[in-house]
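In: everything below, folded, please.
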Amino acid sequence: MDWELYNESLERDYRAEINYFVSQAKNRVNKLSEIEKGNFKEVPPKESVFHNFINTKKGKKIVINKSLRNTKKVDYDTGKEVVISKSNKIVKDYMNQGTSNNFTYGPDGIVRSDEGKFDKMLHGIFDIRNYISKGTGVADKTTTLERINMTILGTLVSLNYDELEKWASENNYNAIGYKEYFEYKIYKFYINSYKNSRRNMYK
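Out: Numbers count the residues shown, from 1 in each chain. I've put the predicted structure just below:
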């Protein structure tokens, strides 16, 4: 066992974690006036799902009701994010607050050709990985396992956002957890099965 290498590895991980926390604190948007001065653009609702978590007795869920959900804005020049509540206040709770990214991309995934840093794929690989391993900052109380779980749920909701939002509204759901998501998928399965059976009748 190379204890010197082992200790150096621990120190590297520790330094990386501290540097991440310092970067998040340094680049945190704390005032609404900062948004006006920057180049912030609102992202589509399907991308803001990761900043709309709530704790319930049945686990974490994502607020999907448009009259209740937070909105997210990103400065594509600096990588800064800010999350705004429906009462027009900056969201600062540890689960939903905005983070600072190393890799950014234009609205709707449009790549900025003049800057190598504008890359949606690298954002997914590096920035999201940093979030999963370290959280939104030093005050984040969620565990790595919880953040993995939240990321999976957020991805499922994001990929089905438009239809899921409509279905949730029709069924009086303000938020979506795994229970509601699989209920929606079962509903979709039966609808698709019915449509296919009707098509087969006329073949």
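
In: as a check, name the ranges of all helices in the chain.
Out: 3-26, 32-37, 120-122, 128-134, 144-159, 161-170, 178-201 (DSSP state H).

In: just checking, what packs against the fourth one?
Out: This points to helix 128-134. Identification of packing neighbours for helix 128-134 by 3 or more Cβ pairs under 8 Å, 6 or more residues apart in numbering; DSSP states H and E yields helix 3-26, helix 144-159. C-betas here are computed from N, CA, C, even on glycine.

In: residues making contact with it?
Out: By Cβ atoms under 8 Å, 6 or more residues apart in numbering, the residues outside helix 128-134 that reach it are 17, 20-21, 99, 102, 140, 144, 147-148, 151.

In: again with the second one
Out: By Cβ under 8 Å, 6+ apart, the residues outside helix 32-37 that reach it are 29, 73, 82, 88, 90.

In: export the contacts of helix 128-134 to a markdown table and tack on pLDDT?
Out: Converted to a markdown table, the contacts of helix 128-134 look like this (pLDDT from 0 to 100):
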| residue | pLDDT |
| --- | --- |
| Glu17 | 84 |
| Tyr20 | 87 |
| Phe21 | 88 |
| Thr99 | 88 |
| Asn102 | 74 |
| Asp140 | 95 |
| Thr144 | 96 |
| Arg147 | 97 |
| Ile148 | 97 |
| Thr151 | 96 |
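
In: could I get those as JSON lines with distance to Tyr178 and neighbour count?
Out: Converted to JSON lines, the contacts of helix 128-134 look like this (distance: Cβ to Cβ, whole Å; neighbours: other Cβ atoms under 10 Å):
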{"residue": "Glu17", "distance to Tyr178": "29", "neighbour count": "15"}
{"residue": "Tyr20", "distance to Tyr178": "29", "neighbour count": "19"}
{"residue": "Phe21", "distance to Tyr178": "30", "neighbour count": "17"}
{"residue": "Thr99", "distance to Tyr178": "24", "neighbour count": "25"}
{"residue": "Asn102", "distance to Tyr178": "30", "neighbour count": "13"}
{"residue": "Asp140", "distance to Tyr178": "22", "neighbour count": "19"}
{"residue": "Thr144", "distance to Tyr178": "18", "neighbour count": "11"}
{"residue": "Arg147", "distance to Tyr178": "15", "neighbour count": "19"}
{"residue": "Ile148", "distance to Tyr178": "13", "neighbour count": "13"}
{"residue": "Thr151", "distance to Tyr178": "13", "neighbour count": "15"}
